[in-house]
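> Here is a sequence together with a model predicted from it:
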Amino acid sequence: MLSVVNVDGSAPNGSLIDEFVREGARRMLAAALEAEANAYIAELVGEKDENGPRLVVRNGYHRPRSVTTAAGTVEVKAPRVNDKRVDESGERRRFSSAILPPWCRKSPKISEVLPLLCLYGLSSGDFVPALEQFLGSTAGLSPATITRLTVQWQADHTAFGERDLSASDYVYVWADGIHPRIRLDQARAAVLVLMGVRANGTKELIAMADGYRESSESWAGLLRDCQRRGMRSPVLAVGDGALGFWKALAEIYPSTRPQRCWVHKTADVLDSLPKSAKPAAKKALQDIYNAEDRDHAAKAIKVFAGQYGAKFPKAVKKIVVDQDELLAFYDFPAEHWIHLRTTNPIESTFATVRLRTKVTKGAGSRAAAALAMVFKLVESAQARWRAVNAPHLVALVRAGARFERGQLVERPEALAS
């Protein structure tokens, strides 16, 4: 590839390194599209009509198309495939690229950037000059396009909040109230989040709404809505001890066992200790939730109480009073303990949202739009969530299997055979 280079090392369309990256991306995409089309034709090489000619052949290229990617905007020519086969209804079959569908003008990564920029307060008119500096082009990202996207995000969030949950069996759930730095309703300053693990071990966002983080009424409203849409009672719920969630859970899903988050509890305990005592106390708390089983964890609590009870009774009380809720995870498969003792699945997901959003006078100033944009960010992140360890054990938990010291000791009668 030959490029014109200015005296300062830049190229006509930006820096030389950006030109190399875009050209590399263009060539890799072109090669992938060629390989995809060739594989499709090779698979159907035996398909012929009555006179002998093959029914699936190459037919040149489509018109060049600009596609906005994380590497910038590149121009590609997708291979054209002439597929003369017809289906049972008489309709012509068509080759459609899974890499670059006909409607695609930007990569999913770019779609993730857009709600972030909106939450930063960037107006639709500012997208053109802002993105042009980074992507080298704004093809397919006009102000009108951004406006249509924000409307679509709100529609997607509304549809998500109204979907049927009767076919989704959430065995474990995590609950937390998140405070992203966006302007929601002034009186309703938190995003209430409910995530769950389905019987196949995959994690999934269940519900997300604005409300009061500490309010049992707000949590009750969210849980009642989930119940109305068919959500079964989870086996275990994990959350911060300060949430109004627990009162709402006891009312709406009374059979669900509570598990207090050890990250929140540790922070709460350490806040009541002097600075000099915190390192050793933190290690003592880790000995509790990292113990090999419930019995050893209970012994570690006694050790903690003996070490700190005389000088810091309030700190010890925070652990002793909630001992059953703090150690509930030990009654489940050992492979799941790391997932169940904290609300980290929610915290880690929203870390990016929390850090990259702030109060603005732009798109983030309306609660509906802001929630919709946060939802789109979480929806994108959800595709990368890992299933829990030993996912096959989740179905056993739902079926009522009994575990001791993290090991299966009794299968449900229905699964005994």
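Everything's here; your move. Numbers count the residues shown, from 1 in each chain.

> quick one, phi/psi of the residue nearest in space to the middle of the chain?
Ranked by distance to the mean C-alpha position of the chain (CA atoms, centre = their mean), the top residue is Gln382 at 2.7 Å. Reported as degrees, to the nearest 10, the phi and psi values for Gln382 are phi -60, psi -30.

> do Ala401 as well
The phi/psi pair for Ala401 (degrees, to the nearest 10) reads phi -60, psi 150.

> Correct me if wrong: it contacts Leu408.
Yes. In this structure, Ala401 is within contact of Leu408 by CB atoms under 8 Å, at 5.9 Å. For glycine as for every other residue, the C-beta is placed from the backbone atoms N, C-alpha and C.

> so what are the domain limits for this protein?
Domain assignment for the chain, taken from automatic domain parsing, gives 10-105, 262-341+390-417.

> Mean neighbour count, the ones you listed: which tops it?
Highest mean neighbour count of those: domain 262-341+390-417, a mean of 16 (counted as mean count of other CB atoms under 10 Å).

> Now do the residue nearest to the centre of the chain against Asp271, distance only.
Summarising the geometry, the distance separating Gln382 from Asp271, computed by CB to CB, to the nearest Å, is 32 Å.

> how many other residues sit next to Arg384?
Applying other CB atoms under 10 Å, we find 7 residues neighbouring Arg384.

> mind listing the strands for the stretch 301-417 of the chain?
Taking DSSP state E, counting those that start in this stretch to define them, one finds strands in the stretch 301-417 of the chain at 402-404, 407-410.

> For these, give me a markdown table that also has mean pLDDT and distance to Asp87.
Listed next are the strands of the stretch 301-417 of the chain as a markdown table, based on pLDDT from 0 to 100; distance: least, CB to CB, whole Å:
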| stretch | mean pLDDT | distance to Asp87 |
| --- | --- | --- |
| strand 402-404 | 95 | 51 |
| strand 407-410 | 92 | 48 |
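
> Dump the ones you listed into TSV; add distance to Pro234 as well.
Formatted as TSV, the strands of the stretch 301-417 of the chain follow (distance: least, CB to CB, whole Å):
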stretch	distance to Pro234
strand 402-404	17
strand 407-410	20
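
> quick one, phi/psi of the closest residue to Val56 other than its chain neighbours?
By the measure of CB to CB, 6 or more residues apart in numbering, the closest residue to Val56 outside its immediate chain neighbours is Leu44, 4.3 Å from it. In this entry, Leu44 is assigned phi and psi values of phi -110, psi 20 (degrees, to the nearest 10).

> quick thing: my sequence starts at 139, can you match it?
Understood, numbering begins at 139; the last thing we discussed is Leu182.

> Can you pull the poorly scored residue ranges out of the stretch 289-438 of the chain?
Per-residue confidence for the stretch 289-438 of the chain (pLDDT under 70) gives these ranges: 318-327, 351.

> just to revisit the earlier point, is the residue nearest to Val194 in contact with Val195, as I believe?
No. If you go by CB under 8 Å, Leu182 and Val195 don't touch, sitting 9.6 Å apart.

> before we move on, the earlier item: my guess is the residue nearest to the centre of the chain contacts Thr340. True?
No. No contact is recorded between Gln520 and Thr340 when judged using CB under 8 Å, the distance being 9.6 Å.

> pLDDT score for the residue nearest to Val194?
pLDDT recorded at Leu182 is 82.

> mind listing what it touches?
Each residue near Leu182 by CB atoms under 8 Å, 6 or more residues apart in numbering is listed here: 192-194, 221, 223.

> if you look at those residues, which of them are in helices?
Using DSSP state H to define helices, no part of those is located there.

> Against Ala313, how distant is the nearest residue to Gly349 once chain neighbours are set aside?
The shortest distance from Gly349 to any non-neighbouring residue, by CB to CB, 6+ apart, is to Ser356 (3.1 Å). Look at Ser356 and Ala313: by CB to CB, they are 11 Å apart.

> Compare these two and say which is more crowded by neighbours.
For Ser356 versus Ala313, the count of surrounding residues by other CB under 10 Å is larger for Ala313: 28 against 22.

> do you know how far the residue lying farthest from the centre of the chain is from Leu381?
For the chain, the residue at maximal distance from the C-alpha centroid (CA atoms, centre = their mean) is Asn189, at 53.4 Å. If you measure Asn189 against Leu381 using CB to CB, the figure is 73 Å.
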